[in-house]
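J.: task: produce atomic coordinates for the following.
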Amino acid sequence: MNNRRLAFSLLKQKEVVTELFQNVGEKIANRPGGYTRILRTGFRLGDAAEMCIIELVDYNENMLKETKKATKKATRRAGKKAVKEEVAEAQAEVAEAPAAEEAKAE
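T.: Here you go, the predicted model:
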């Protein structure tokens, strides 16, 4: 209860304190450490002060969705069928090349 009062004395908004202790607290209660993520956003134009965004690691649902999509392995290889067709086309071109040269020579 004392932690809740200390948080309220700093934040001064009952809704924010309730959200912090009910929803956020449940998600990060079992985490051993590393609760925040710092994303650097560059420098402010007026006085060139360094700017950043600080967020809770496991609480940002949008970031969790993006990381799941990013972990999928993407390959640029074609399927076996397409590779076989390309090999057959290349072999046909190689076979046609000497025949075309013989025709030019005559």
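
J.: in the chain, which ranges drop under the pLDDT threshold?
T.: Where the chain drops to pLDDT under 70, the residues are 59-83, 94-106.

J.: for it, which segments count as helices?
T.: Assigned helices in the chain, in chain order: 2-11, 14-19, 25-28, 61-70, 80-105 (criterion: DSSP state H).

J.: could you measure Arg31 against Leu10, distance?
T.: Distance, Arg31 to Leu10, using C-beta to C-beta, to the nearest Å: 22 Å. Where you see a C-beta, it was placed from the backbone N, CA and C, and this is true even at glycine.

J.: which of the two has more residues huddled nearby?
T.: The neighbour count for Arg31 versus Leu10, taken as other C-beta atoms under 10 Å, is higher for Arg31 (11 against 7).

J.: and the gap between Arg31 and Val87?
T.: For Arg31, the distance to Val87 equals 52 Å [C-beta to C-beta].
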